[in-house]
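Novice: From the sequence below, what's the structure:
(2 chains)
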Number of protein chains: 2
Amino acid sequence: MPSYKLTYFSIRGLGEPIRHLFHLAGVSFEDERLAYGGSPWEQVKEKYPMSQLSAAILRYLGRKFGFAGKTPEEEAWVDAVVDLFKDFLSEFKHLIYASLNGKSADEIERVRTEIAIPARNVYFKNLNDLLKRSKSGFLIGDGITFADIVVTNYLETLKTFELYNGSDEPKLVALQKKVYEQPGIKECIATRVLTEF
Amino acid sequence: MPSYKLTYFSIRGLGEPIRHLFHLAGVSFEDERLAYGGSPWEQVKEKYPMSQLSAAILRYLGRKFGFAGKTPEEEAWVDAVVDLFKDFLSEFKHLIYASLNGKSADEIERVRTEIAIPARNVYFKNLNDLLKRSKSGFLIGDGITFADIVVTNYLETLKTFELYNGSDEPKLVALQKKVYEQPGIKECIATRVLTEF
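Specialist: Okay, the predicted model is just below:
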């Protein structure tokens, strides 16, 4: 049995779905958390291939643990949802950076209105379309996949930036509830320290 | 045997690697090309799930045809390279848009210097690191994968925008040569009409 070590910042970010996947699969791992925004990552990142955390890790573990879809076609749909998420994130991150880098309130508002909100609307529409067609309540197929984990996890960050408000998105609320009730994930959520993003 | 139809714009963009993959695998497909930038896509896109072309299609076909890596670990590396490409593209596209949308020469130069070039440098460094470790000359493992196809194909577009100049990047030149010499791809390259991007 291999042993796993996840090195990521002490935030949810892109690491939390991987943590949840380990908990869901009941596979133990070393959960190394680096201070966010300080020098630690700068000091260590040269040690890591590509100096970044890739969605490929999530996909690799998702497949390994059996949460990546049950057929090649389901796998492609799961991948497509994560691609959709990444496309959204590549727009949304401009709002995160504008806020973290202390831009003016006007500039933050501009980024929110012109970039983040349109991107969120496309993203949510696509997720709702998938959930409308779903019989299981999960995004793809009849069980939980890493796509569900990524999407529901990131709703917390959208809430921080006031881009998600449960009452307008009943299907996403229901999906998050289903994911958060999964054994393993449930205990993880209950005991975690909730960071801002 | 399933039949395939690829619907994409009449540009290389993200569709060309999929076309190359079909040619490499020797699998016939209907190559539907929509006029780029006009109304056709706007008119038809509602018909397509998620209204976009996803890297998931490439991954799905890559796996199906046997060009996605030979082990789960190789598959993860192939995926990581495509994630790396997508991260690069999410920055580089600002230069494409600035050019297509008729921004001022100053603004285009700013986007090139502040966004596109730094992103390209990170991207090329990571590709070079992989190629340095490679024994086969391909990015991952001992044969061609869809990661090689995506990366080398997109070099053409980087050339259009003067972000790639063969003589500075001998390892990428060699990789492109290897890919373009593959049976199937070779004939496709020889007969295609080269679009700007």
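Novice: Please report how far the residue lying closest to residue A:5 once chain neighbours are set aside lies from chain B.
Specialist: Setting aside the residues directly before and after it, residue A:5 is nearest to residue A:30 in space (C-beta to C-beta, 6 or more residues apart in numbering or on different chains), at 4.1 Å. Just so you know, the C-beta spots here come from the backbone N, C-alpha and C atoms, and that holds for glycine as well. Per C-beta to the nearest C-beta, to the nearest Å, residue A:30 is found 19 Å from chain B.
Novice: and the closest residue to residue A:142 other than its chain neighbours, how many neighbours?
Specialist: Among residues not flanking residue A:142 along the chain, residue A:136 sits closest, at 4.4 Å (C-beta to C-beta, 6+ apart). For residue A:136, the neighbour count with other C-beta atoms under 10 Å in any protein chain shown is 13.
Novice: Quick check: phi and psi on the residue nearest to residue A:5?
Specialist: Backbone torsions of residue A:30, given as degrees, to the nearest 10, read phi -90, psi 120.
Novice: cool, residue A:7 as well?
Specialist: Backbone geometry at residue A:7, expressed as degrees, to the nearest 10, gives phi -100, psi 120.
Novice: ok, then the element right after the least confident helix or strand in chain A by mean pLDDT?
Specialist: Counting by mean pLDDT, DSSP states H and E, the weakest-scoring helix or strand in chain A turns out to be helix A:39-44, with a mean of 61. Sequence-wise, the next helix or strand downstream of helix A:39-44 (DSSP states H and E) is helix A:55-65.
Novice: between the helix or strand that that following helix is followed by and helix B:55-65, what angle do the directions make?
Specialist: Next helix or strand after helix A:55-65 toward the C-terminus (DSSP H and E): helix A:72-100. Inter-element angle recorded for helix A:72-100 and helix B:55-65: 150 degrees (by axes from the mean of the first three to the mean of the last three C-alpha atoms, to 10 degrees).
Novice: which residues does the most centrally placed residue in chain A contact?
Specialist: The C-alpha lying nearest the average C-alpha coordinate of chain A belongs to residue A:150 (C-alpha atoms, centre = their mean; 3.2 Å). Contact analysis of residue A:150 by C-beta atoms under 8 Å, 6 or more residues apart in numbering or on different chains lists A:17, A:58, A:81-82, A:85.
Novice: Could you do residue A:10 as well?
Specialist: Counting by C-beta under 8 Å, 6+ apart, residue A:10 has contacts A:33-36, A:195.
Novice: cool, and residue A:132?
Specialist: The contact partners of residue A:132, by C-beta under 8 Å, 6+ apart, come to residue A:171.
Novice: residues in contact with residue A:77?
Specialist: A:69, A:139-141, A:147, B:56.
Novice: Which residues of chain A lie near chain B?
Specialist: Contact residues (C-beta under 8 Å from any C-beta of the partner chain) of chain A with chain B: A:49-52, A:54-57, A:59-60, A:63-64, A:72-73, A:75-77, A:79-80, A:82-84, A:86-87, A:90, A:122, A:126, A:129.
Novice: Got the domain ranges for chain A?
Specialist: A:5-66+A:184-191, A:72-180 (automatic domain parsing).
Novice: Buried among the contacts of residue A:10? Need that as a selection in ChimeraX.
Specialist: Only the buried entries of these go into this ChimeraX selection, using 16 or more other C-beta atoms under 10 Å in any protein chain shown:
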select /A:34
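Novice: Are any of the contacts of residue A:150 buried, and if so which?
Specialist: Using 16+ other C-beta under 10 Å as the burial test, the contacts of residue A:150 include A:17, A:58, A:81-82, A:85 as buried.
Novice: picking that back up, reformat the contacts of residue A:150 into CSV and put pLDDT and distance to residue A:161 next to each item.
Specialist: CSV is the format used below for the contacts of residue A:150 (pLDDT from 0 to 100; distance: C-beta to C-beta, whole Å):
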residue, pLDDT, distance to residue A:161
A:17, 91, 18
A:58, 91, 22
A:81, 95, 21
A:82, 91, 20
A:85, 92, 15
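Novice: how about low-confidence regions in chain A?
Specialist: A:37-53 (pLDDT under 70).
Novice: Please repeat the previous calculation with a cut-off of 90.
Specialist: Within chain A, the segments meeting pLDDT under 90 span A:1-2, A:7-15, A:33-55, A:83, A:86-87, A:90, A:99-102, A:166-167, A:188-197.
Novice: Would you mind pulling the contact partners of stretch A:13-31?
Specialist: Stretch A:13-31 has contacts (C-beta under 8 Å, 6+ apart) with A:3-6, A:8-9, A:53, A:55, A:57-58, A:61-62, A:65-67, A:144, A:146, A:149-150, A:153-154, A:182-185, A:187-188, A:197.
Novice: in a strand, that's where residue A:140 is, yeah?
Specialist: No - if the criterion is DSSP: H, G, I helix; E, B strand; the rest coil, then residue A:140 is coil and not within a strand.
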